[in-house]
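>>> Only the shape, not the letters, is given here:
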C-alpha cells in the first residue's frame, strides 16, 4: 500500500468518524431528550451498537456505494479524495448550524461531482443514483408511517394504564429501541465508507476483485463508533427538542419505526439516510398528539438542507477534483 493510498484510507476513516459524530444525534437524541439516559451513557450505548452492527448485517450497501453510484472502472485516488472532501466539508458546515443532514448523501454527492468532472455523465450509474434519490423521500415517509403505526398501537394497548406506569415501562423499553436503532445506523452508514475504501483498493489493484476485506469492516465500524462517542451535541438539540417534545413512549415508537426502516433498506442494499428516517419517525409520533405538536418550521429547514446536500457536496467535490487535477 502506497503512502497516497494509506492517506486516502485514513481520510475515509476520518469521514466515518465525522459520520458517527454528525449522526450520533440520530442515535441518542430521543433517549437523551426523554432523560432515559444521560448524554454520556447514551453515546456509549449507541457507540457500542454502532460497532457490533457488522455482526448482524450483510454488506449489500457497501456494494451499492462502491460500484453502484459511479462506474467502478473510473474510480481512482483523485476521485476518492475529492468525494471525501466534499462530504467532510458539508458535514462540518451542517454540524455547525445544527442541521441533521445526511452524511450518506453527502458522500454520494461527492462521488457524483468528482466523477462528472473526470468523465462526464456517462460515468454515472443512474439506476443506483435514482434508487438513492427515491429513498431521500421514501425513508422519512416510511419512518413517519412506522412511527405512527407503533404509536397508535401502543397508545391503544396502554390506554388504561396511568401515565406513571407507561413512563416507567417505556424508560426500560427505550433502551431496547435505542439499541436497535443504533444497530440499524451502524449497519447502513458504516458500509458507505467500506464501499469507498474497497473501490479504492480495487482501482489500485490491491485486491483482485471488488469485495470488502474484513479489516475494512472492522476499521469503519470502529471509526464510526468513536465518532458517535464524540457526539454532535448541536444536532442532538435540534433532533431531540426542536422537532417535537418527546416522552419515553414517544421515543420508543420513533426509534422502533426508524429501526425497522433501516433494517429493511440495509437488507435491500439501499444507502438511506438515518437522519431522514429518524426525523420522519419523530414527526410521525409527534403528530399523533396534534399536528401543532410538531414544529413544522424547523422540519421545513431540515428538509431544505436535505435537498441541497447532494448538489452542494457534489459542487465542493468537483472544485477539489479540479484543483487536485491541476496540481
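Alright, I've got the coordinates. Owing to the predicted nature of the structure, the values given are computational and were not obtained by experimental measurement. Numbers count the residues shown, from 1 in each chain.

>>> Can you tell me the closest non-neighbouring residue to residue 314?
Leaving aside its sequence neighbours, residue 314 sits nearest to residue 113 (C-beta to C-beta, 6 or more residues apart in numbering; 3.1 Å). Backbone N, C-alpha and C define where each C-beta goes, glycine included.

>>> And the pLDDT at that neighbour?
Looking at residue 113, its pLDDT is 94.

>>> Does it fall in a helix, a strand, or a coil region?
Using DSSP: H, G, I helix; E, B strand; the rest coil, the structure places residue 113 in helix.

>>> Tell me who's in contact with it.
82, 83, 86, 313, 314, 315, 316, 317, 318, 321 (C-beta atoms under 8 Å, 6 or more residues apart in numbering).

>>> From residue 82, how far out is it?
7 Å (C-beta to C-beta, to the nearest Å).

>>> residues bridging contact with these two, i.e. touching both?
With C-beta under 8 Å, 6+ apart as the test, residue 113 and residue 82 both reach 317, 318, 321.

>>> The last one looks like it's in a helix, true?
Yes: counting by three-state DSSP, residue 321 falls inside a helix.

>>> Wait, it touches residue 112, no?
No: counting by C-beta atoms under 8 Å, residue 321 sits too far from residue 112 to count as a contact (11.2 Å).

>>> joint contacts of those two?
By C-beta under 8 Å, 6+ apart, no residue touches both residue 321 and residue 112.

>>> quick one: buried residues of the strand or helix carrying residue 146?
In this structure, residue 146 is located in helix 126-157 according to DSSP states H and E. Residues 128-129, 131-132, 135-136, 138-140, 142-148, 150-151, 154-155 are the ones in helix 126-157 that count as buried (16 or more other C-beta atoms under 10 Å).

>>> For residue 322, give me the pLDDT.
93.

>>> list the contacts for it?
Contacts of residue 322 (C-beta under 8 Å, 6+ apart): residue 117.

>>> Grab the most central residue of this protein for me.
Centroid-nearest residue in the chain: residue 274, 3.9 Å away (criterion: C-alpha atoms, centre = their mean).
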